[in-house]
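In: The following comprises the amino acid sequence and a computationally predicted model.
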Amino acid sequence: MVIDSQPRQALLRRFTGLARSTPGRLTVIAVVLVLAALASGWLTTWSVNRQERALEDLATRSEPLSHAAQEVNRALQDADATAASAFLSGGLEPAQLRQRYEADIAQAQAALSVATASSPDLTATLAAQLPVYTGLIETARTNNRQGFPVGAAYLREASGLMRTQLLPAARELYRAETDRVARAQDEAGFPVVPVLVALAFVVALVLTQRYLTRKTNRLLNVGLLVATGAAVLSLLWVTTVSVLVMRDVGDSRTASQKVDVLAQARIATLTARGEETLTLVARGAGQTYEKNFAEVSQRLEGLLEDARRLEGGEAVDSAVRNFREWQQVHQRVREADDSGQYAEAVALVATPYFDSLDEDLVRAIGQARQDFSDEVAVARASLAGTAVGVPVLAVIAAAGAVMGLWQRLKEYR
């Protein structure tokens, strides 16, 4: 059956003819402006909501999880260093060191339970091997209390497990969580595409008004002026807020970088302490531990200098001073141990400078984390009301465009 195409062609000619007429063009322009207003409002609102979600994630999830992963790493390092220090006393270790070791293990387990909810795959090794490590330490303690030399062998085995499995897994977890923080900061960045779309909509409104001025010889169109004012206000609002958020997120990025550097410095401090202690535990066979101590100390010095460049502060300056004092005492420890004065070396290794350095780093990390939280809070406050105001302005712009063009269309009836 052959379908008559004449009605269809007639309809097409009528439509194209209407489109070529001024009323038809005004109708098309009105539809396009309404769709552009709603699309720009939707896209901008979606972008603002994305920024809000990213900032909320930074404040309530990413940064706390990153800190939990850092605490897993720190607590494991300190537990290992403390367990080694307890061996230097011989026999029954001091109650203070025992309490510190138990507190470290408990803190590692608590932080691990927090991190497991987010990264179960990354915490599997830690969850499986931590009980093995604590079991080896308890065996080492039992033998050490009875004066059996095999206790030192169990301690070295536990420390080896810590270095080869637990700490690498903890570092991987920490790096994954810090990467999550960086991604959330990137998502809270400047919304380039929505701003460009909003700017294009403003330009379209201006061009429409120029077109109407040429066609009608009327300078002002109240509806289009309202639409343009709403669109410009929305554009300025979103641009200003986004610039403020971008600035605050940039400051939070600096704070998170400082937290990362200080966290690495604290972990390096604890690692160096463990190497220093194991050198003495080895009783003349700790050359490898001493070499590791020198390497870690060099890296620690660099990290402290990096922290100074990222806005030092009194806590970081104090950490640098205590680090240098500790290094000087370590030289005396080595001189005493190498000359056969083992008891004097053990007495010297209990320097207060290590604990002071650790306390300084804890204080500096706390200050940097507070700076991070403050910047994120300010960024979130800057976005307040934007997700509601932008859609309202989009509807006003669409209504203004329809009103302005409808006034002109009525003149052709």
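Out: That came through, no problem.
In: what are the ranges of the helices in the stretch 51-200 of the chain?
Out: 63-87, 95-116, 120-145, 150-161, 167-187, 192-216 (DSSP state H, counting those that start in this stretch).
In: winner for burial among these?
Out: helix 63-87 (a mean of 25; mean count of other Cβ atoms under 10 Å). Bear in mind the C-beta positions are built from the backbone N, C-alpha and C, glycine included.
In: Off-centre distance for it?
Out: 20 Å (Cα atoms, centre = their mean, to the nearest Å).
In: same question, stretch 266-279
Out: So, by Cα atoms, centre = their mean, the centroid of stretch 266-279 is 27 Å from its chain's centroid.
In: hmm, who's touching it?
Out: 73-74, 77-78, 80-81, 84-85, 87-88, 156, 159, 286, 289-290, 292-293, 296-297, 299-300, 303, 323, 330, 333, 337, 349, 354, 357-358, 361-362, 365 (Cβ atoms under 8 Å, 6 or more residues apart in numbering).
In: Can you dump the C-alpha atoms of it in PDB for me?
Out: Taking Å, rounded to 0.1, in the frame of the first residue of the first chain, the C-alpha atoms of stretch 266-279 are listed here in PDB:
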ATOM      1  CA  ARG A 266      56.500   9.900  63.600                       C
ATOM      2  CA  ILE A 267      56.600   6.400  62.100                       C
ATOM      3  CA  ALA A 268      60.200   7.000  61.100                       C
ATOM      4  CA  THR A 269      60.900   8.000  64.700                       C
ATOM      5  CA  LEU A 270      59.400   4.800  66.100                       C
ATOM      6  CA  THR A 271      61.200   2.800  63.500                       C
ATOM      7  CA  ALA A 272      64.600   4.300  64.400                       C
ATOM      8  CA  ARG A 273      63.900   3.700  68.100                       C
ATOM      9  CA  GLY A 274      63.200   0.000  67.300                       C
ATOM     10  CA  GLU A 275      66.400  -0.300  65.300                       C
ATOM     11  CA  GLU A 276      68.400   1.400  68.100                       C
ATOM     12  CA  THR A 277      67.000  -0.900  70.700                       C
ATOM     13  CA  LEU A 278      67.400  -4.100  68.700                       C
ATOM     14  CA  THR A 279      71.100  -3.200  68.100                       C
END
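In: Near the closest residue in space to residue 357 that isn't next to it in sequence, how many other residues are there?
Out: Using Cβ to Cβ, 6 or more residues apart in numbering and skipping residues adjacent in sequence, the residue nearest residue 357 is residue 322, 4.0 Å away. Using other Cβ atoms under 10 Å, residue 322 has 23 neighbouring residues.
In: and residue 322, what is it in contact with?
Out: 353, 354, 356, 357, 360 are the contacts of residue 322 under Cβ under 8 Å, 6+ apart.
In: can we see that at 7 Å?
Out: Contacts for residue 322 (Cβ atoms under 7 Å, 6 or more residues apart in numbering) come out as 353, 356, 357, 360.
In: Same check on residue 380?
Out: Counting by Cβ under 7 Å, 6+ apart, the residues that residue 380 touches are 55, 59.
In: Tell me the spacing between it and residue 154.
Out: The spacing between residue 380 and residue 154, counted by Cβ to Cβ, to the nearest Å, is 51 Å.
In: Show me where the stretch 301-413 of the chain dips below the pLDDT cut-off.
Out: Applying pLDDT under 70 to the stretch 301-413 of the chain picks out residues 408-413.
In: in it, which spans are helices?
Out: Using DSSP H, counting those that start in this stretch, the helices of the stretch 301-413 of the chain run over residues 314-338, 342-349, 352-382, 386-410.
In: now these as JSON lines including distance to residue 241?
Out: Formatted as JSON lines, the helices of the stretch 301-413 of the chain follow (distance: least, Cβ to Cβ, whole Å):
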{"stretch": "helix 314-338", "distance to residue 241": "33"}
{"stretch": "helix 342-349", "distance to residue 241": "55"}
{"stretch": "helix 352-382", "distance to residue 241": "5"}
{"stretch": "helix 386-410", "distance to residue 241": "6"}
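In: Perfect, that will be all.
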